[in-house]
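A.B. asks: I need the structure of the sequence given here:
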Amino acid sequence: MKLTIVIPAYNEEQAITTTLDGLRKGVNIPHEIIVVNDHSKDNTRSVVLDLAKKYQNIKLIDNNNLPGITNALKAGFECVKEGAIAAVMADACDEPDTINKMYEKIIDGYEVVCASRYMTGGKRLGRPTQGFFSKSVGLALYYFIGIPTHDSSNAFKMYRKEALDKINIEEAGFASALEITVKAFIAGFRIAEVPTTWKKREAGESKFRITNAAKNYFYWFFWSLFAKLFKKG
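C.D. replies: From the prediction side, this is the model:
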């Protein structure tokens with residue numbers, strides 16, 4: 001099965017080379033990488049174009065819609081015709097070799113595979129308070145809703161293209177990964193998780209804003225709760 005890695009990138013000139021080098025060394029499955037330049041104001045675009053000249057499996061496209069991680073991901077997803085799609089952040093925080101384990105789950109028949117920081121064997125490095133909301137909503141969805149992952153909100157995921165095409169992505173922010181997971185669960189898609197280690201970025205500036213994400217996390221928690229109850233009824 002073909003593997004495509006989609007990376008949304010906004011002002012990531014300081015981190016994108018490290019991210020792409022890590023994938024080249026850590027992923028042992030033949031793959032294509034699509035970097036989506038999300039209206040960057042720095043040299044992200046030119047850095048990726050230079051790397052694409054060196055490595056044939058790297059491709060750059062632009063997000064021609066409104067800026068933001070959701071539209072950037074959608075632009076990348078639309079370029080993929082079939083197979084497995086891994087969504088990876090450009091900040092070099094995700095663990096590249098986790099993709100190998102995620103791919104194995106896809107081959108086993110799962111439609112959504114979550115890289116989990118909060119399951120046994122997973123880790124989230126950095127200040128514990130920073131991961132409070134993502135961990136809380138992930139565990140609540142696991143224990144109260146029954147979604148089979150401890151880390152629904154992590155954007156680092158792998159999808160079967162045919163399943164992803166059936167999900168209408170509405171969320172315009174980092175909570176879109178959570179939205180996809182809860183909608184996949186309600187739709188009856190098979191979901192699995194594998195442990196991963198997330199580390200704090202070493203270069204560039206984080207675009208994640210906890211005040212915006214927290215309210216969206218809880219919105220999708222209650223959305224999934226009511227959707228599950230309605231489905232049962």
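
A.B. asks: Mind listing what's buried along the longest helix along the chain?
C.D. replies: Ranked by residue count under DSSP state H, the longest helix found in the chain is helix 210-232. Using 16 or more other Cβ atoms under 10 Å as the test for burial, helix 210-232 gives 210, 213-214, 216-217, 220-221, 224, 227-228. C-beta: built from backbone N, CA, C; applies to glycine.

A.B. asks: could those residues go into a markdown table alongside pLDDT and distance to residue 151?
C.D. replies: Below are those laid out as a markdown table (pLDDT from 0 to 100; distance: Cβ to Cβ, whole Å):
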| residue | pLDDT | distance to residue 151 |
| --- | --- | --- |
| 210 | 56 | 16 |
| 213 | 68 | 14 |
| 214 | 73 | 16 |
| 216 | 82 | 16 |
| 217 | 82 | 12 |
| 220 | 83 | 14 |
| 221 | 83 | 14 |
| 224 | 85 | 15 |
| 227 | 81 | 20 |
| 228 | 76 | 19 |
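
A.B. asks: and for the longest helix of the chain, what are the contacting residues?
C.D. replies: 130, 133-134, 137, 140-141, 144-147, 153, 171, 173-175, 178-179, 182, 185-186 (Cβ atoms under 8 Å, 6 or more residues apart in numbering).

A.B. asks: Now with 7 Å, please.
C.D. replies: 133-134, 137, 140-141, 145, 153, 171, 173-175, 178-179, 182, 185-186 (Cβ atoms under 7 Å, 6 or more residues apart in numbering).

A.B. asks: got any ranges where the protein has weak pLDDT?
C.D. replies: 127-130, 203-213, 231-233 (pLDDT under 70).

A.B. asks: what are the ranges of the helices in it?
C.D. replies: Applying DSSP H to the chain gives helices spanning 16-26, 44-54, 69-78, 98-107, 132-140, 161-164, 176-186, 210-232.

A.B. asks: can you tell which of those helices is closest to residue 193?
C.D. replies: helix 98-107 (8.3 Å; Cβ to Cβ).

A.B. asks: Give me the phi and psi for the closest residue to residue 26 other than its chain neighbours.
C.D. replies: Nearest residue to residue 26, sequence neighbours excluded (Cβ to Cβ, 6 or more residues apart in numbering): residue 96, at 3.0 Å. Dihedral angles phi and psi of residue 96 (degrees, to the nearest 10) take the values phi -60, psi -40.

A.B. asks: give the contact list for residue 96.
C.D. replies: Counting by Cβ under 7 Å, 6+ apart, the residues that residue 96 touches are 22-23, 26-27.

A.B. asks: Just the buried positions in stretch 180-188, please.
C.D. replies: For stretch 180-188, using 16+ other Cβ under 10 Å, the buried residues are 180-186.

A.B. asks: Count the residues that sit near residue 79.
C.D. replies: Residue 79 is flanked by 15 other residues according to other Cβ atoms under 10 Å.

A.B. asks: got it, and residue 90?
C.D. replies: Residues lying near residue 90 (other Cβ under 10 Å) number 29.

A.B. asks: now it: how far from residue 8?
C.D. replies: Going from residue 90 to residue 8 by Cβ to Cβ, to the nearest Å gives 7 Å.

A.B. asks: Is it correct that residue 179 is in contact with residue 172?
C.D. replies: No. Residue 179 is beyond contact range of residue 172, at 10.0 Å (criterion: Cβ atoms under 7 Å).

A.B. asks: Looking at these two, which is more packed in?
C.D. replies: Shown here are residue 179 and residue 172; by other Cβ under 10 Å, residue 179 has more neighbours (23 against 13).
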